[in-house]
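Q: fold the stuff below for me.
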Amino acid sequence: MKLADVLDELGMSRAAFYRMRARGQSPKCLKLPNGQLRFRRADFEKWLNDLEEEPTC
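A: Numbering: from 1, shown residues only. Got it, this is the predicted structure:
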């Protein structure tokens, strides 16, 4: 996935994503030789699932 795809799914700006990434809170990504980021769908979905909180009832 391209960064734009990830941002679209998260509904977040590029700046907000990079702040989150700087804090070590972003999904695992690969940095291409040209500097662009790519995300594996499985890594992205795992990261999203890990963010979900267990309901406390």
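Q: alpha carbons only for contacts and neighbour counts from here, please
A: Noted.
Q: which residues in the protein form strands?
A: 30-31, 37-38 (DSSP state E).
Q: ok, residues contacting the last one?
A: Residues outside strand 37-38 that contact it (CA atoms under 8 Å, 6 or more residues apart in numbering): 1-3, 29-32.
Q: with the first one instead?
A: Contacts with strand 30-31, where a contact means CA under 8 Å, 6+ apart, come from 37-39.
Q: can I get the strands of the chain in a markdown table with mean pLDDT and distance to L48?
A: Listed next are those as a markdown table, based on pLDDT from 0 to 100; distance: least, CA to CA, whole Å:
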| stretch | mean pLDDT | distance to L48 |
| --- | --- | --- |
| strand 30-31 | 94 | 17 |
| strand 37-38 | 96 | 16 |
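Q: buried deepest among the ones you listed, which one?
A: Among those, the stretch with the highest mean neighbour count (mean count of other CA atoms under 10 Å) is strand 37-38, at a mean of 16.
Q: hang on, the earlier thing: okay if I get the strands of the chain as CSV plus distance to R14?
A: Shown next, in CSV, are the strands of the chain (distance: least, CA to CA, whole Å):
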stretch, distance to R14
strand 30-31, 16
strand 37-38, 12
